[in-house]
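> Can you look at this prediction? I've put the sequence above it.
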Amino acid sequence: MSESNLKDMSQLVSLAKRRGFIFQSSEIYGGLSSCWDYAPYGIELKNNIKQKWWKAMTLREDIVGIDASIFMHPQVWKASGHVDGFNDPMVDCKSCKSRFRADKIDVTAPCVVCGSKDTFTEPRDFNLMFKTQMGPVEDSSAQVYLRPETAQGIFVNFLNVQQTMRKKLPFGISQIGKAFRNEITPGNFIFRTREFEQMEMQYFIKPGTQKDAMEQWRELRFNWHLSNGIRKEKLRWYQQTGEDLAHYADAAYDLEYEYAHGWGEMEGIHSRTDFDLKTHQEHSGKNLMYTDAMDNNKKYLPYVLETSVGCDRCLLAVMSDAYRLENEGDKENERVVMKFHPSLAPVKVAVLPLVKKLEEPATKLFQDLATEFAAEYDVAGSIGKRYRRQDEIGTPFCITFDFDSLEDNAVTIRDRDSMKQERISLDKVKEYLRNGLV
Ligand code: ATP
C-alpha cells in the first residue's frame, strides 16, 4: 500500500470544505478575505483540542484558569508597549500596490505578485491593533482596542487571582480566548488570520528560577503536542536570539511545525522576566509585589514564564499531520484518511446499518452508544461510500449492523487505519470502544 502525506494546503482546504470542517466566512457574499468559520466537525475538533489543553493546563494544583474580557482599559496597551511598539514593517509594491511585511520578503527581488522589478517603497511601521469605539459618543476618550493577545488579561489579574486563590509561587494562570491582529499579509489558510484564538498560560516564578522553568515547560509542551498524535519529526525548536528576541524577554523558544507551506511557529515559550508586572505596577500605580512567606517575607515582583499556543495553528498542525492519501491513482483503493488521534477525533464511532431494513435495531445501538461517545448514524449510500466519508472525517471506528447481527447479537467493527474488521458481540461494543479510544 502506498501512502503520502499532505503535499499542498489546497488538499486540506478542499477536504475541510467538502467534509464540513472549515468554511470560508460569509461565503454566500463572496467570502471575507482570510476569515474562516469552523463548521460542525471543525468545531468538535477545536473543542477537543481546547478541552485537552485546558485539562493539561489547569488540572494541576499549581495552575488556575480565568476568562478575561476582550476589551480592556486602553492604558493596559500603553503599559504593555503595544500602542507604541506593536508594529510590523510594511512595504508596498510601487507598481501593483500589493502590500507586504518587509521582514517576510526579499525586498531586493521582483514583486511576487506582478513580477515588477520596480522596487518597493521604504518600510513604514504599521500598528497591528484593531481600534474601535466604546459607548455612543465617538470621541477619542472612548477609544478601545480589540486585544492582540490574551496575556495582558492575566497580568492585570495577577494580584486578584493570587490573593483570592491563596496561591504561592510558583503558580500559573491559564486562559483561552480570541485575539485580533490587523496582519499585513494573512494567509496559508488558518495559519495567519486577523481573528484567532490563543491558549496561554503565565507561570509566575521566583526570579532566578526562569532557566529551570523554561526547561520544564519546553518538555511538557513538546510532549503535549506528541500526545495529540503529531509526529516528532514534524516538530522542531527555534531559539530566538539577538534581534529576534523581544525586548521584554531574556530567553524565548518557538516550537515550529512543518506545515504544507513550510516550517512555522505554532507555540512560543517565553521567559518574560518581571517586565509585565513592573510596567503595570508603574502605569496603574498599584503595588503588585508578592510577599514570599517562604523567604523571610521578602517582597518582589515575580518573573513570568509564558506558554502561548495558537489554537487555530495547533488545529492546522493536527489536521495536516493526520492527512494521508493512500493508493493514489488506484481507483478502487484510493482513499483520503484523517488519522486523528482518537482523543481529538470529532466523531469517535459511526453506526452503519447494511441496509435500510435494519434501521430499527441499528438506531437502538446508535442511541445507546451516543450516550457515551460522539457517535454518528449513516444509512445513505453504499457501505463503501459511507466508509470513505467516515475516513475523511477521521472516525476511528465504524460499526456495521448486518442481517447476521439479528441472529448472533454481534456487529462488525472496522478500524479506520488498518481497515481490519472484527466481529464483536453487542454487549462488548462499549468496552471495545473504550479500550480503542485512549
Ligand atoms: P508570527 O511571528 O507568526 O507573527 P508571533 O511571534 O507574533 O507569530 P505570538 O505573539 O508569540 O506570535 O503569539 C503566540 C501564538 O499565537 C503563536 O505561536 C501563534 O500560534 C498564534 N498566532 C499569532 N498570530 C497569529 C495569527 N495572525 N493567526 C493565527 N495564529 C496566530
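Looks like it arrived, so ask away. Residues are numbered from 1 along each chain as shown.
> who touches the closest residue to Val438 other than its chain neighbours in this structure?
Spatial nearest neighbour of Val438, chain neighbours left out: Pro342 (6.8 Å); criterion: Cβ to Cβ, 6 or more residues apart in numbering. (Glycine included, C-beta is placed from N, CA and C.) With contact taken as Cβ atoms under 8 Å, 6 or more residues apart in numbering, Pro342 is in contact with Lys348, Pro396, Gly436, Leu437, Val438.
> pLDDT check: weakest of those?
In terms of pLDDT, the lowest of the contacts of Pro342 is Val438, showing 89.
> Next to the ligand in this structure, residues from the stretch 51-200 of the chain, please.
Contact residues, the stretch 51-200 of the chain versus the ligand (Cβ under 6 Å from any ligand atom): Glu149, Arg181, Glu183, Arg192, Thr193, Phe196, Gln198.
> can you tell me which of those are in helices?
Nothing among these maps onto helices, per DSSP state H.
> Specify the beta-bridge partners of Leu305.
Tyr203, Ser271 (DSSP bridges).
> Which pLDDT value goes with it?
pLDDT recorded at Leu305 is 98.
> So Ala16 is in contact with Ile22, correct?
Yes. Using Cβ atoms under 8 Å, Ala16 makes contact with Ile22 at a distance of 4.0 Å.
> need the residues of the stretch 51-200 of the chain next to the ligand in JSON lines with pLDDT and neighbour count, can you?
Shown next, in JSON lines, are these (pLDDT from 0 to 100; neighbours: other Cβ atoms under 10 Å):
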{"residue": "Glu149", "pLDDT": "97", "neighbour count": "18"}
{"residue": "Arg181", "pLDDT": "97", "neighbour count": "21"}
{"residue": "Glu183", "pLDDT": "93", "neighbour count": "17"}
{"residue": "Arg192", "pLDDT": "97", "neighbour count": "19"}
{"residue": "Thr193", "pLDDT": "97", "neighbour count": "22"}
{"residue": "Phe196", "pLDDT": "98", "neighbour count": "19"}
{"residue": "Gln198", "pLDDT": "98", "neighbour count": "20"}
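> returning to that earlier point: out of Ala16 and Ile22, which sits in the more crowded spot?
With neighbours defined as other Cβ atoms under 10 Å, Ala16 and Ile22 compare such that Ile22 has more, 26 against 22.
> Give me the pLDDT value at the residue in the chain that the ligand sits nearest to.
Using Cβ to the nearest ligand atom, the single residue of the chain nearest to the ligand is Gly310, 2.4 Å away. Gly310 is assigned 98 on the pLDDT scale.
> Any idea which residue is closest to the centre of the chain?
Closest to where the C-alpha atoms of the chain average out (Cα atoms, centre = their mean) is Cys311, at 1.7 Å.
> Wait, that residue touches Lys46, no?
Yes. Cys311 lies in contact with Lys46 (Cβ under 8 Å); the separation is 6.5 Å.
> Next, show the common contact partners of these two.
By Cβ under 8 Å, 6+ apart, Cys311 and Lys46 have these common neighbours: Glu197.
> Report the residue ranges of every domain in this protein.
As given by automatic domain parsing, the domain ranges for the chain are 3-72+132-319, 347-436.
> Of these, which is nearest Asn333?
Between Asn333 and the domains of the chain, the tightest spacing by Cβ to Cβ is seen for domain 347-436, at 9.9 Å.
> mind checking the end-to-end distance for the closest one?
Start-to-end span of domain 347-436 (Cα to Cα, to the nearest Å) is 13 Å.
> just stretch 180-191 next, same as before
Using Cα to Cα, the end-to-end distance of stretch 180-191 comes out at 14 Å.
> now swap in stretch 368-378 and tell me
Termini of stretch 368-378 sit 15 Å apart (Cα to Cα).
> So which bits of it are buried?
By 16 or more other Cβ atoms under 10 Å, the buried positions in stretch 368-378 come out as Leu369, Phe373, Ala375, Glu376, Tyr377, Asp378.
> and if you look at stretch 63-78?
Judged by neighbour count using 16+ other Cβ under 10 Å, the buried positions of stretch 63-78 are Ile63, Val64, Ala68, Met72, Pro74, Val76, Trp77.
> Looking at the residues you listed, which is nearest Ala213?
The nearest one, if we look at the buried residues of stretch 63-78 relative to Ala213 and count by Cβ to Cβ, is Ile63, at 12.8 Å.
> Show me what that closest one bridges to in the sheet.
In this structure, Ile63 bridges to Arg60, Gly172 when assessed by DSSP bridges.
> repeat for Val336
Leu325.
> So what's the residue count around it?
By other Cβ under 10 Å, the burial measure for Val336, its neighbour count, is 19.
> thought it was touching Arg18?
No. Applying Cβ under 8 Å as the test, Val336 and Arg18 come out as separate, 9.6 Å apart.
> secondary structure element for Phe100?
strand 99-101 (DSSP states H and E).
> per-residue confidence at Glu138?
Note for Glu138: predicted pLDDT of 67.
> let me fix that: Lys46
pLDDT for Lys46: 98.
> what sits against the closest residue in space to Ile190 that isn't next to it in sequence?
The shortest distance from Ile190 to any non-neighbouring residue, by Cβ to Cβ, 6+ apart, is to Asp312 (4.5 Å). The contact partners of Asp312, taken as Cβ under 8 Å, 6+ apart, are Lys46, Ile190, Phe191, Thr193, Phe196, Glu197.
> Quick one: those residues as TSV, columns for distance to Lys299 too.
What follows is the contacts of Asp312, written out as TSV (distance: Cβ to Cβ, whole Å):
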residue	distance to Lys299
Lys46	42
Ile190	44
Phe191	43
Thr193	42
Phe196	38
Glu197	36
